[in-house]
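**Student:** what follows is a predicted structure for the sequence shown.
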Amino acid sequence: MADLSDIVRFLEVERERYVLEASQLERRLSFISDQIRTLSALISGYALEEQVSSQILRQLPDASKIEAVLEEPLEAIIDEKPQPSPSVKPDISDIPQLAIPRKTNSLPLLPEYQQYSLQNAVLILMRSLPDRHIHIDAIVRDIHGDKLTSQQFKTAKITLNKILSMGKQTGLWYRVLDTQGVYTLNYEKGVTSEKPTTKL
């Protein structure tokens with residue numbers, strides 16, 4: 001009987017070990033599934049953006065035809081340097097700076113954001129462009145500058161994607177509906193995601 005008890009205990013231990021492993025695998029599978037969904041959404045967004053851009057380019061009339069109608073070179077009419085979107089001086093008195101210096105190996109930020117966490121840097125940017133719908137790619141460039149390597153840009157975008165998602169959930173800003181990776185500071189009924197019912 002003692003031998004049978006030992007066998008039962010051994011089997012119970014083995015069962016618990018497999019239950020634990022199964023639980024860990026389920027968590028890992030859930031994480032992988034979330035990542036696949038996120039990547040699929042990004043791919044879909046970029047594919048749609050490329051398709052729309054191609055359609056717009058195809059529909060644009062040839063420049064020579066326009067000049068023939070206008071009897072004047074386009075350069076004389078169109079300012080080659082597009083005017084930047086108007087920005088406002090944001091009130092950041094309620095946004096705390098970092099209590100400890102930023103790690104030396106972290107991705108570089110533009111000087112105006114170096115004293116702030118990445119989330120607060122995004123909030124400052126959003127407040128400076130309160131009426132703009134801003135794509136995540138533009139947010140990366142506006143916060144980190146345009147000197148990132150391709151790999152640094154990808155890393156920054158992954159990090160910012162998580163921060164933007166968390167900020168949306170807490171009501172710091174809102175996602176623009178029917179788009180991929182586009183956010184804005186203010187809530188617009190029917191245009192942006194709904195206001196969160198509770199702060200997280």
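**Tutor:** That came in fine, so what should we check first? Residues are numbered from 1 along each chain as shown.

**Student:** quick one, strands of this protein?
**Tutor:** Listed in chain order, the strands of the chain (DSSP state E) span residues 134-135, 174-175, 182-184.

**Student:** dump those into a markdown table; add distance to R37, mean pLDDT and mean neighbour count as well.
**Tutor:** The C-beta positions use only the backbone N, C-alpha and C, and glycine is treated the same way. Conversion of those to a markdown table gives the following (distance: least, CB to CB, whole Å; pLDDT from 0 to 100; neighbours: other CB atoms under 10 Å):
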| stretch | distance to R37 | mean pLDDT | mean neighbour count |
| --- | --- | --- | --- |
| strand 134-135 | 20 | 93 | 19 |
| strand 174-175 | 15 | 92 | 20 |
| strand 182-184 | 18 | 93 | 22 |
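
**Student:** for L118, find the nearest of these.
**Tutor:** Counting by CB to CB, L118 lies closest to strand 182-184 out of the strands of the chain; the figure is 14.0 Å.

**Student:** contact partners of that closest one?
**Tutor:** Around strand 182-184, the neighbours that count as contacts under CB atoms under 8 Å, 6 or more residues apart in numbering are 126, 131-136, 139, 164, 167-168, 173-176, 192.

**Student:** let's see it at 7 Å
**Tutor:** Taking contacts as CB atoms under 7 Å, 6 or more residues apart in numbering, the residues outside strand 182-184 that touch it are R132, H133, I134, H135, L164, W173, Y174, R175, V176, T192.

**Student:** with stretch 128-140 instead?
**Tutor:** Residues external to stretch 128-140 that are found in contact with it (CB under 7 Å, 6+ apart): 85, 87-88, 90, 122, 125, 153, 156-157, 160-161, 164, 176, 181-186.

**Student:** got a pLDDT number for the most centrally placed residue in the chain?
**Tutor:** By CA atoms, centre = their mean, the chain has its centre lying nearest to N161, at 3.0 Å. Reading off the per-residue confidence, N161 sits at a pLDDT of 92.

**Student:** have a look at the chain and report the helix or strand with the lowest mean pLDDT.
**Tutor:** Using mean pLDDT, DSSP states H and E, the weakest-scoring helix or strand in the chain turns out to be helix 74-77, at a mean of 44.
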